[in-house]
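Participant: Using only what follows, build the 3D model:
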Amino acid sequence: MENGYPVKEYRRPVKRYCQTLDLRDNPELIAEYRKRHSRDHIWPEILRGIREVGILEMEIYILGTRLVMIVETPMDFNWDEAMSRLNTLPRQTEWEEYMSIFQNAEPGMSSAEKWRPMERMFHLYE
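Facilitator: Next comes the predicted model:
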């Protein structure tokens, strides 16, 4: 982290969403959650679905049990429509049910129900 994280340039304006979710306070579950989000273990249908609904980039950061997800989308992106569509794509419901084992969320909740939007309260204005 000393060198920061590279950010992709899109050559067009994008919208950014920031959301939060807590994991269960269990080191073994947290380790498995991290593993399931690694390149070698994430389900390919989930990655395809995220792209298919129009999401350009998605990052998840972790500190202890707290997750913060940053999502970048085109300016004309409609979050509610995209999340409704995402829920219908292959393996998405199965993925969300599996992830609920690790998350402080009720089984059967969709991604849009589990992840809570955060309010931007500051940015470095120019």
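
Participant: Could you measure from residue 23 over to residue 57?
Facilitator: Between residue 23 and residue 57 the distance, using C-beta to C-beta, to the nearest Å, works out to 22 Å. From N, CA and C alone the C-beta is placed, and that goes for glycine too.

Participant: ok, and the closest non-adjacent residue to residue 115?
Facilitator: residue 19 (4.1 Å; C-beta to C-beta, 6 or more residues apart in numbering).

Participant: The spatially most central residue of the chain: which element?
Facilitator: Among the residues of the chain, the one closest to the centroid is residue 69, at 4.8 Å (C-alpha atoms, centre = their mean). Taking DSSP states H and E as the criterion, residue 69 maps to strand 66-74.

Participant: circling back to that earlier point, between residue 23 and residue 57, which one's more packed in?
Facilitator: Ranked by neighbour count (other C-beta atoms under 10 Å), residue 23 and residue 57 place residue 23 first, with 19 against 15.

Participant: Was I right to think that one contacts residue 63?
Facilitator: No: shown here, residue 23 and residue 63 do not form a contact pair, counting by C-beta atoms under 8 Å, at 10.5 Å.

Participant: Straight-line length of stretch 45-59, end to end?
Facilitator: 17 Å (C-alpha to C-alpha, to the nearest Å).

Participant: coming back round to it: ok, the residue nearest to residue 115 touching residue 116?
Facilitator: Yes: taking C-beta under 8 Å as the definition, residue 19 is a contact partner of residue 116 at 6.0 Å.

Participant: Mind checking which of these two has more residues around it?
Facilitator: Per other C-beta under 10 Å, whichever of residue 19 and residue 116 has more neighbours is residue 19, with 18 against 10.

Participant: ok so, going back, give the other helices and strands that the strand holding residue 69 contacts.
Facilitator: strand 14-22, strand 57-63 (3 or more C-beta pairs under 8 Å, 6 or more residues apart in numbering; DSSP states H and E).
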